[in-house]
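Undergrad: model the structure of this input:
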Amino acid sequence: MFKSSRVFLRAARQLQSLAQQGSRGAACGLHSAAAAGKFSSTRPVYGAGAAVLMVAGAAMLGFAPSVLADAPACLEREELSFIMIKPDGVQRGLISDIIARFERKGYKLVGIKVLVPTQALAAKHYAEHDGKPFFPKLVNFLSSGPVVAMVWEGKSVVKYGRTMIGATNPLASSPGTIRGDYGIDTGRNIIHGSDSVEALAAKHYAEHDGKPFFPKLVNFLSSGPVVAMVWEGKSVVKYGRTMIGATNPLASPPGTIRGDYGIDTGRNIIHGSDSVEVRGGPVVAMVWEGKSVVKYGRTMIGATNPLASPPGTIRGDYGIDTGRNIIHGSDSVESAQREIALWFKAEELADYTPSTAAWVYE
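TA: Numbers count the residues shown, from 1 in each chain. You can find the predicted model right below:
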């Protein structure tokens, strides 16, 4: 991620040696501050040996700055927003409706995960309210059950996403907004959404929160457009970091990007990922629980070949052919156990009781 577009073309010439090393990549204009969040799946999705370089993280709840959930071609990203369905929204079974609203608006889901936030994570998320009388209640409620953390991409998604969500107090929210339709009170208002690109920048640099230079980092990253790139190739992360140079440009050798163009630690031109993760097309991995969910889940999904699936099944309604059949579902309890262990750690499975459980399973 280039923090200034002025030196982009000059620095890009140096990055061309990555291509000469057999790497391939794409440079994309990015007009949002901390704007390249990712879906951190618990296991690699497809492929091997694909490294990601120069990507800015967008969210704090488990979204690390390493992989973009997108095609491996040029990633021209619109603005990104962090949206979180709170424990009351999850418990009331509102996940699919909320996701559908953002999808119907035309926004793209690029990151999603279900987790139960720790008190420490909840406190960091609500750090701007620390010291206020209601702060403990915020932290206790957010950490009381599972949440659905998401990153959505689209034009003006931060601003209009807030419009779709509604006012903090559901009683002041218009019908048709998420909080207006489903919220009960300020403490049970269903959903959280980023209120500015500055908020995203703060979450990107969350590890530095509390340090003297933290405000400067946030202000600078949100001061203008950045350019995000994804490069692929042998040892691209390690050699890319070598090409970038030290965090402090004054300690970077001539010939490195920061050594040639950086001014100081705060104006060091570029960010680069320091770890490797394989990547491919994004998937959404889920674990569903319920009576006979394996057997009837397969009935809902339909036959492997969509052409043999009845209308009303997922594959029957949306599948194209056997290779593009939309969805996978475990075919036995034993397969489910094996596949869940492959994709999820035990502690990543949320344990809660939906509001409908009492009468569905009476």
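Undergrad: following the helix or strand bottoming out on mean pLDDT in the chain, which helix or strand shows up next?
TA: Least confident helix or strand, the chain: strand 24-30 with a mean of 38, by mean pLDDT, DSSP states H and E. Scanning forward in sequence from strand 24-30 by DSSP states H and E, the next helix or strand is strand 80-85.
Undergrad: what stretches of the protein score poorly on pLDDT?
TA: Scanning the chain for pLDDT under 70 picks out 1-77, 196-211, 213-214, 217-230, 232, 273-281, 362.
Undergrad: just the CA atoms of stretch 131-142, as PDB, please.
TA: The C-alpha trace of stretch 131-142 is given here as PDB (Å, rounded to 0.1, in the frame of the first residue of the first chain):
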ATOM      1  CA  GLY A 131     -14.200   6.300  30.800                       C
ATOM      2  CA  LYS A 132     -17.900   7.000  30.000                       C
ATOM      3  CA  PRO A 133     -20.600   5.700  32.400                       C
ATOM      4  CA  PHE A 134     -22.000   3.200  29.800                       C
ATOM      5  CA  PHE A 135     -18.600   1.800  28.700                       C
ATOM      6  CA  PRO A 136     -18.800  -1.300  30.900                       C
ATOM      7  CA  LYS A 137     -22.300  -2.200  29.600                       C
ATOM      8  CA  LEU A 138     -21.000  -1.900  26.000                       C
ATOM      9  CA  VAL A 139     -18.100  -4.200  26.700                       C
ATOM     10  CA  ASN A 140     -20.200  -6.700  28.600                       C
ATOM     11  CA  PHE A 141     -22.900  -6.900  26.000                       C
ATOM     12  CA  LEU A 142     -20.600  -7.200  23.000                       C
END
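Undergrad: list the buried residues for that stretch?
TA: Using 16 or more other Cβ atoms under 10 Å as the test for burial, stretch 131-142 gives L138, V139, L142. Where C-beta positions appear, they are placed from N, C-alpha and C, glycine not excepted.
Undergrad: need the contact list for T186.
TA: T168, N169, P170 (Cβ atoms under 8 Å, 6 or more residues apart in numbering).
Undergrad: from A167, how far off is the residue lying closest to the second one once chain neighbours are set aside?
TA: So the one you mean is N169. Leaving out its chain neighbours, the residue that sits closest to N169 by Cβ to Cβ, 6 or more residues apart in numbering is T186, at 4.9 Å. Using Cβ to Cβ, to the nearest Å, T186 is found at 9 Å from A167.
Undergrad: cool, and G323?
TA: Taking Cβ to Cβ, one finds G323 at 46 Å from A167.
Undergrad: swap in F141?
TA: If you go by Cβ to Cβ, the gap between F141 and A167 works out to 18 Å.
Undergrad: R315 sits in which helix or strand?
TA: Per DSSP H and E: helix 314-318 holds R315.
Undergrad: which residues touch that helix?
TA: 300-306, 309-311, 325-327.
Undergrad: with respect to K345, which of these is nearest?
TA: I327 (22.8 Å; Cβ to Cβ).
Undergrad: name the SS class of that closest one, please.
TA: Three-state call for I327 (DSSP: H, G, I helix; E, B strand; the rest coil): coil.
Undergrad: run through the residues that contact it.
TA: Per Cβ under 8 Å, 6+ apart, neighbours of I327: I301, I314, R315.
Undergrad: quick revisit: more neighbours, G323 and A167?
TA: Applying other Cβ atoms under 10 Å to G323 and A167 shows that A167 carries more neighbours, namely 16 against 7.
Undergrad: include secondary structure when you put the buried residues of stretch 131-142 into TSV, please.
TA: Shown next, in TSV, are the buried residues of stretch 131-142 (three-state DSSP):
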residue	secondary structure
L138	helix
V139	helix
L142	helix
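Undergrad: which among those residues gets closest to P87?
TA: L142 (7.1 Å).
Undergrad: skipping adjacent residues, who's closest to the closest one in space?
TA: Nearest one to L142, counting by Cβ to Cβ, 6+ apart, is A122 at 4.0 Å.
Undergrad: next: A172.
TA: Counting by Cβ to Cβ, 6+ apart, the nearest residue to A172 once its immediate chain neighbours are dropped is G166, at 8.0 Å.
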